[in-house]
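Asker: Only the shape, not the letters, is given here:
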Ligand SMILES: [Zn+2]
């Protein structure tokens, strides 16, 4: 599946650094904190790992 690279250029990491995101084989990776983000059905899931587990502690 071809991803719209132009759209991803507008995205920034959700962490306080707001670094650039680069496309990897199976998702996106932030250049600021090296966090991996999944891309599901072409939509990047921009949640920090701590946000994903925030409700369960
Ligand atoms: Zn970051």
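Answerer: Alright, I've got the coordinates. Nothing here was measured: the structure is a model prediction, and the numbers come from that model.

Asker: give me the low-pLDDT residue ranges for the chain?
Answerer: 1-9, 50-57 (pLDDT under 70).

Asker: how about a cut-off of 80?
Answerer: Residues of the chain that meet the criterion pLDDT under 80 lie in 1-10, 49-57.

Asker: Strands along that one, start to end?
Answerer: Secondary structure of the chain by DSSP state E: the strands cover 21-24, 27-30, 36-40, 43-44.

Asker: winner for burial among these?
Answerer: strand 27-30 (a mean of 19; mean count of other Cβ atoms under 10 Å). Placement of C-beta: from N, CA and C, glycine included.

Asker: That strand: partners in the sheet, and parallel or antiparallel?
Answerer: Strand pairing for strand 27-30, using DSSP bridges, gives strand 21-24 (antiparallel), strand 36-40 (antiparallel).

Asker: of those, which approaches the ion most closely?
Answerer: Between the ion and the strands paired with strand 27-30, the shortest separation by Cβ to the ion is 8.7 Å, and it involves strand 21-24.

Asker: Contacts (any at all) between the ion and the closest one?
Answerer: No: Strand 21-24 does not reach the ion (Cβ under 5 Å from the ion); its nearest approach is 8.7 Å.

Asker: what's the distance between that strand and the middle of its chain?
Answerer: Averaging C-alpha positions (Cα atoms, centre = their mean, to the nearest Å) puts strand 21-24 8 Å from its chain's average.
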